[in-house]
Structures are given as C-alpha cells and as structure tokens.
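Engineer: Quick one, structure for this:
(one chain, ligands or ions: 1)
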Amino acid sequence: MFEEMDHSGDGGIHGQLLQNNGFQGTSLGMTAYAPVGNVTISQDKSKSVSNSITSSLKVAVPNGVTDYVGFANTGYKGVPALAATYKSSFWMMGRYSGTINLQLIGSQSGIVYADHNMTVKSTDSKFTEFKTSFNATHSPDGENEWHLTFDGSKVGGSSLNFGYIQLFPPTFNGRENGLRDDIASFLDEVNPAFLRFPGGNNIEGLQVDSRWMWNTTIGPVVDRPGRESDWFYPNTDALGLDEYLWWCEDMNMAPLLGIWAGKSYGDIISGPDLEPFVEDIMNEMEYLFGDSSTHYGKMRIENGRKDPWKVEYVEIGNEDDLTGGCESYPDRFNQIYKAIHDKYPDVKFVASNGDFSCLPSPLPKNVIIDLHLYRKPDDFVKLFNQFDNQPRDQPVMIGEYGARNTSSAEGIYWPYMQGSCSEAVYMMGMERNSDIVKMAAYAPLLEHFDFVSWSPTLYGFNSTPNSITPSTSYFVQKMFASNKGDTIVPVHTTADFGPVYWVASKTDSSYYLKLANYAKDPQTVQVRIPGTKTGRLEMLSSPQYHGNTPFNVQVQTVTTSVFNPSGNYSINMDPWAVAVLAVS
Ligand code: AHR
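Structural biologist: The predicted model follows:
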C-alpha cells in the first residue's frame, strides 16, 4: 500500500532528487534553495514557468561580479551522489548565452562528485527548457547539494529566472520520470502482488479542494500544479496516475486504484452535490480504459500509454467509517458503484471499510471490504482466528496493517522482532482463510528517515547512498509473498496453536509450511511431509525487542538447505522466530 507520506514518494521512490523544484503548494517558500556566490535569490511569483508552475527562482546579480554564481538546491535533506549517470533539466528565462555549470558537491566538505558544463542560449521573452546528463562519483554520505551556476560577468546588474529544476539518478526500468532504481528494486524483491494507491488519507484531502485529483497528476510534469497534502507537505504529483500504473506493470502488480468518494477532512459531499464528482470519476475511468475515439482515452495515448490500462480493482474512498463518513457512505458508494459498474462491468470493487453499519445493505455481491489494523503485537496474535468463522461469501482485504505501539512514548517505534512475529501470526490466520481474505497489504510502505510523521514502515532510507534499511517486517513480507501455495493443506498435529503458529500450503510441485514462535522460549518443531525430501528453510530470528535500525541491518532472513529422504524435518525455532520450510 503506497501513499505519499514521510516523503515516501517525493524524495523517496520517485526518482527526482531536488526539493521544492516547482514551488508547488503554499508552505515551502524558499525551502531547499541557497545562493551560490554574490547573488540574491527569491521566489518570483510574477514569472510563471507554466499555467501550473506559477513561480520561478529569480537570481539577481549585482554589477561587478566576475565569478560563476547561481544557486544551490539541497534536495530532500541532501542529495545522494551515486557512481552513476544523472539526468538533469531546468527551465530558464533571461538573456544569457554561454556556459551553465552543474555540480553535485558536498555541502560541508566541498568535495565535487560531479562537474558538468553545458552551453545554453536563453531569452527574456519566455522560459526555455534545457536538458543534460552527466556522470557522478559515489559520496560516503548524503550531505550534498546540486549547484547551478553561470558566468556572473554576463549578467551583472540584471537577473535570470530558473524554474522546474529536476535531477534524476538511474530509474527503475529506465523509465522517464521514473522511480529511483535502488529504492524500487528493493520493493520488487519482496514480490508484491498488488499496489493499493494513492492513499490512504492522502487521497481524501484536508479540504475538498485539496483532495487527490487524478487529472492534475497526468501529462508533462511542468503542467502539474501539485497540492498541499494530508501529510504536512506539498506533493509535486510528479508521481502521478500514469507513473503509478507503469510502476505496477514494471513490478507485475495488480493495481488497486483508490478513488475520491466525497469525503475530505473538511467536508463531505453527497447526494446531488456528488454528481459532478461522479462525472469526474467517469472521466478518470475513460482515461484508463477508453480508446482513441474517446476524449480521455485519446489523452492517455498522447501521454504515452497506447493500450488501455489494466486496472482490475477500484476502491471507493478511504476509511469512510471514520471522520464523519459513515452515515453518507452507503449512498455515496452506491452512486459511484452504479456509474462505474454499468459502464465497466469487469471492474472489481473494494468498499473502504468493514463496518456494516457504514456500508450499503445489501452490499453488492463480490464487493471486497477493506479492514485497516494497526495493533500492538499481542492484539494481532489474539486476532489469529479472526476470519475462521466469518461468512464465506464476503470477500475481505486487509488494506493496511502493521504492528504499532500507539504512541512513541511507549517506546520502540520501528518494527522489532516481536511485532514482526505477531504480523506473521496474523498473516497465517489470513492465509488459512484465503478463500475469503483475498488481499493484504502491510502499511505504510516507506519512510525517508529525515521526514517522519508516521512510523513504522516496511523500509526506510535517507539521502546517504546505500541507506536503505529493511525492517524485520520487510523480511516477513518477503518470506510470505515469495512462498505461496495455491491450496491450503490440513496439518495433523500433537499441539495446539500457541505459542507456535503455522499454516501449510502446496502447489503441484512444492509444499510450504510457515511457522512462527510467538514466545520467550525456543521450540523444536518436528515436521513430516510425506513424498518430499529436499528444499530450503528460511528463518528470521532476533531477540524480542531487537530489529534493524536506520543504517544498521543486523537481522535478516537466513536460508539453509534441507534434505531428508523420508520427508522428516526438525526445525529449531528461536524465541520470536518466523520460518518458512519450502520442500518438494
Ligand atoms: O497508513 C497511514 C494511514 O493510516 C492511512 O493514510 C490511513 O488510511 C490510515 O488511517
């Protein structure tokens, strides 16, 4: 489950590295900019780069300057300098013909990791875009900034304006405006099956007008205005609808698209007032599915996607059982469901909550309900049998879950072994009931360690190269997602569930036994799987309150080979360990 929070997207998985690059939103001012040399820099609201990017950076140069001068952008608390080829671009206005110098340079150290000259010719009548690429070398830390300088002697007594600056390291699958390769590859290794996006709270908006709006997140990035988000910083929306869908295709994930359904934190829109918004949703659907004869289908093709997108699942809203949404949700749901279902009968729907007093009655058949659970570890374990006696005709998604203490004052605030073990136990309860539990997503996914408003997350990073830090929960997700049978098989045991929990599944060729020891004492588990003899044991274990901490990865899955001609395996489980035995 992905939403823009903790700079998970801007400054995170989205590849663009410069912060406040289009002066979007209302709260950043001059954040991340600094003068280089004897110049004055300011946000210039009188010179718009486009209709959407309505400010630019004015660099005023006094008379008598002879040096190269310009400005720095300090990125998202630093700019990672990797031994890689970077792409950079910027818009420029003002009379200048000559060299522009770009550097990646240590903020304190002054060490230059990239130094690149390019020749430009810009005029004072309009903004012109310039693009270039250059090689950089690896920096030991992320305390670097991007510098753009020009020959001050040619501009003395005047000024130049710069706008919508961009800097990209290599992107995942080499996509333009793509994902940062290292952060995206790390997710790909988990083998995710679907992506729920773009929120979460962030779809809802603090006010109706600041909701996530699909149509302002498409097309050239310079035409995307961005917005003040629900998570305390402006979103650039450079990671927009099409980018999310390319991301899904590149990682072979089914997209689960959240759509705005009338609830913001400021106001709720329902009844006839919702109709224009339903029309907007239908435009979004046409953008996804329409052919070239349709207005929005044509727009999608112009934006680089010829074939209709394959969006199988649509979720109507987010957490409409909360923040005043309950009473009106049944009607809002029905209004939107009917409009989409009538025209696109193959779309599968997710309702944004599981409280039947906030859902239509009856809920249309096959609509999946979405439960969100952030619980303490013991509470997850108590929910191991949550789905055992649920009606078998009501499909469920756990659209968000993660073990979490309820406040940072309670201590550990980043996944630790006991919490990750409890998630494993809860997931076994889901897997045992996978006839009704169709999908599940740990949340939130990602955090930039220097911009945290919500923790824990599955993994984190900051501007230091190689700073990606997987949590213990990352490894649980990876173990479980990578070892899936297609049939749950019965397990005959001499013990009851607790403290050891298990679930077994198989495919035509392999058996998978998942185990968790939610206890302070070790356990030995004797397993017999007739007809099997060889495979592997994946084991994640660590003391109760231990886990990985930013930049300090001590706990990770250890894989060993197993072999026994009679299919007997002895598995030593440390306290709080999670294991998968995969044999054939
Ligand atoms: O995942 C963090 C937040 O938790 C989500 O935005 C919201 O849906 C939930 O309340």
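Engineer: Write out the residues of the stretch 201-350 of the chain neighbouring the ligand.
Structural biologist: Contact residues, the stretch 201-350 of the chain versus the ligand (C-beta under 6 Å from any ligand atom): Asn201, Asn318, Glu319. Every residue, glycine included, has its C-beta placed from N, CA and C.
Engineer: repeat that for 8 Å
Structural biologist: Asn201, Asn202, Asp230, Trp231, Asn318, Glu319, Leu322 (C-beta under 8 Å from any ligand atom).
Engineer: Give the burial count for the residue of the stretch 101-250 of the chain found nearest the ligand, as a bare number.
Structural biologist: Using C-beta to the nearest ligand atom, Gly200 is the residue of the stretch 101-250 of the chain that sits closest to the ligand, at 3.1 Å. Gly200: 25 surrounding residues under other C-beta atoms under 10 Å.
Engineer: my read: it touches Met1, true?
Structural biologist: Yes: between Gly200 and Met1 there is a contact at 7.0 Å, judged by C-beta atoms under 8 Å.
Engineer: Between the two, which contacts overlap?
Structural biologist: Glu400, Ala443, Pro444 (C-beta atoms under 8 Å, 6 or more residues apart in numbering).
Engineer: give me the subset of those residues touching the ligand.
Structural biologist: Of the residues in the shared contacts of Gly200 and Met1, proximity to the ligand by C-beta under 8 Å from any ligand atom holds for Glu400, Ala443, Pro444.
Engineer: ok, now which ones touch the first one?
Structural biologist: The contact partners of Glu400, taken as C-beta under 8 Å, 6+ apart, are Met1, Gly200, His372, Leu373, Tyr374, Ala441, Tyr442, Ala443, Pro444.
Engineer: Taking these together, which two end up most distant?
Structural biologist: Spatially, the most separated pair among the contacts of Glu400 is Gly200 and Leu373, at 14.4 Å (C-beta to C-beta).
Engineer: what about Ser473, which SS state?
Structural biologist: helix (DSSP: H, G, I helix; E, B strand; the rest coil).
Engineer: Check what pLDDT it gets.
Structural biologist: Ser473 carries a pLDDT value of 97.
Engineer: Could you list which residues are in contact with it?
Structural biologist: Contacts for Ser473 (C-beta under 8 Å, 6+ apart) come out as Gly402, Ala403, Pro415, Gly419, Ser420, Glu423, Tyr442, Pro456, Leu458.
Engineer: same thing with Lys533?
Structural biologist: Lys533 sits next to Phe563, Asn564, Pro565, Ser566, Gly567, Val583 when contact means C-beta under 8 Å, 6+ apart.
Engineer: ok, so what distance separates the closest residue in space to the last one that isn't next to it in sequence from the ligand?
Structural biologist: I take that to be Val583. Distances taken as C-beta to C-beta, 6 or more residues apart in numbering place Gly535 nearest to Val583, at 3.3 Å, with adjacent residues excluded. Counting by C-beta to the nearest ligand atom, to the nearest Å, the gap from Gly535 to the ligand is 36 Å.
Engineer: Show me which residues of the protein sit near the ligand.
Structural biologist: 1, 3, 5, 199-202, 230-231, 318-319, 322, 372, 374, 399-400, 402, 443-444, 454.
Engineer: if we can go back for a sec, mark which of the contacts of Ser473 are part of strands, please.
Structural biologist: If you go by DSSP state E, those have Gly402, Ala403, Tyr442 in strands.
Engineer: contacting residues around the first one?
Structural biologist: In this case it means Gly402. Gly402 makes contacts with Tyr374, Pro415, Glu423, Tyr442, Ala443, Pro444, Pro456, Thr457, Ser473, as judged by C-beta under 8 Å, 6+ apart.
Engineer: Nearest to Val69 among those?
Structural biologist: Among these, Thr457 lies closest to Val69 (C-beta to C-beta), at 40.3 Å.
Engineer: show me what contacts the closest one?
Structural biologist: Going by C-beta under 8 Å, 6+ apart, Thr457 touches Asp6, Ser8, Gly402, Pro444, Leu445, Leu446, Glu447, Ser471.
Engineer: Closest to Asn303 out of those residues?
Structural biologist: Ser8 (23.6 Å).
Engineer: so that closest one makes contact with Phe449?
Structural biologist: No: between Ser8 and Phe449 there is no contact under C-beta under 8 Å: 11.4 Å.
Engineer: neighbour count winner among the two?
Structural biologist: Legend: neighbour count by other C-beta under 10 Å for Ser8 and Phe449, higher for Ser8 (26 against 21).
Engineer: Excluding chain neighbours, give the residue nearest to the more buried one in space.
Structural biologist: With sequence-adjacent residues excluded and distances taken as C-beta to C-beta, 6+ apart, Ser8 is closest to Leu446, at 3.8 Å.
Engineer: For that neighbour, give its distance to Gln477.
Structural biologist: For Leu446, the distance to Gln477 equals 13 Å [C-beta to C-beta, to the nearest Å].
Engineer: what do you get for Lys58?
Structural biologist: To Gln477, Lys58 is 47 Å away according to C-beta to C-beta.
Engineer: Tell me who's in contact with the residue of the chain most remote from its centre.
Structural biologist: Centroid-distance maximum for the chain: Gly64 at 48.4 Å, with C-alpha atoms, centre = their mean. Residues in contact with Gly64, defined by C-beta under 8 Å, 6+ apart, are Gly156.
Engineer: returning to that earlier point: for ChimeraX, write the selection for the buried entries among the contacts of Gly402.
Structural biologist: Those of the contacts of Gly402 that count as buried under 16 or more other C-beta atoms under 10 Å are selected in ChimeraX with:
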select :374,415,423,442,443,444,456,457,473
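Engineer: can you put the contacts of Gly402 in JSON lines and add distance to Arg392?
Structural biologist: Below are those laid out as JSON lines (distance: C-beta to C-beta, whole Å):
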{"residue": "Tyr374", "distance to Arg392": "27"}
{"residue": "Pro415", "distance to Arg392": "32"}
{"residue": "Glu423", "distance to Arg392": "24"}
{"residue": "Tyr442", "distance to Arg392": "25"}
{"residue": "Ala443", "distance to Arg392": "26"}
{"residue": "Pro444", "distance to Arg392": "31"}
{"residue": "Pro456", "distance to Arg392": "33"}
{"residue": "Thr457", "distance to Arg392": "33"}
{"residue": "Ser473", "distance to Arg392": "29"}
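Engineer: Fine by me, we can end here.
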